[in-house]
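Student: From the sequence below, what's the structure:
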Amino acid sequence: MKSIVSILIALFLLLPGCGKKGPPVPPRQSPVPSVSDLKYRIDGSLLTLTWTIPKEKEGEKTAFDGFILYRYKSPISNSPCKNCPKLFHKVADIKIDTFGNGIKNMKHRDEVEKGFAYTYKVILYTKNGASGVDSNYVIFNY
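Tutor: This next block holds a predicted model:
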């Protein structure tokens, strides 16, 4: 009789488990949209990059905070192979709120040097630290 009671107590203690144990999982976040219309214009040695702030999904309020601008720069004479990875460097952290409310277009200026191949991209990030994926690339030789 004691063994049956012991077995029942053991089963009672083991059954109310919450399921599979594992590391904590962060709450689901909506994916951060990416920029798809990064464009450039060169006037002398001054490069002007422009893009539009992506629209938020209907019914979702994502707090966009800013953009990180990245640049890859390499001498034209040392042009890498077509499929070689590019090592981008952070050029600027551009806060959206510095441009005021209601703004839809962003702009950044950068000096370029003759004899170099350039690639630029921007990545949107939110106030809670989530980042989007790469924008389209702007690629040119100067």
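
Student: so where do the helices sit in this protein?
Tutor: Here the chain has its helices, by DSSP state H, at 2-14.

Student: And stretch 106-117, what's buried?
Tutor: 106, 108, 110, 112, 116-117 (16 or more other C-beta atoms under 10 Å). Every residue, glycine included, has its C-beta placed from N, CA and C.

Student: so how far is the first residue of that stretch from its last?
Tutor: 23 Å (C-alpha to C-alpha, to the nearest Å).

Student: Adding pLDDT and distance to residue 77, write the buried residues of stretch 106-117 out as CSV.
Tutor: Formatted as CSV, the buried residues of stretch 106-117 follow (pLDDT from 0 to 100; distance: C-beta to C-beta, whole Å):
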residue, pLDDT, distance to residue 77
106, 90, 33
108, 93, 27
110, 92, 22
112, 94, 16
116, 93, 10
117, 91, 10
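
Student: Which single one of the residues you listed is nearest to residue 128?
Tutor: Distance to residue 128 across the buried residues of stretch 106-117 (C-beta to C-beta) is lowest for residue 106, with 20.4 Å.

Student: which residues sit in contact with that closest one?
Tutor: 50-53, 67, 94, 96, 99, 122 (C-beta atoms under 8 Å, 6 or more residues apart in numbering).

Student: circling back to that earlier point, which of the buried residues of stretch 106-117 lies at the shortest distance from residue 44?
Tutor: Closest to residue 44, out of all of the buried residues of stretch 106-117 and judged by C-beta to C-beta, is residue 112, at 9.3 Å.
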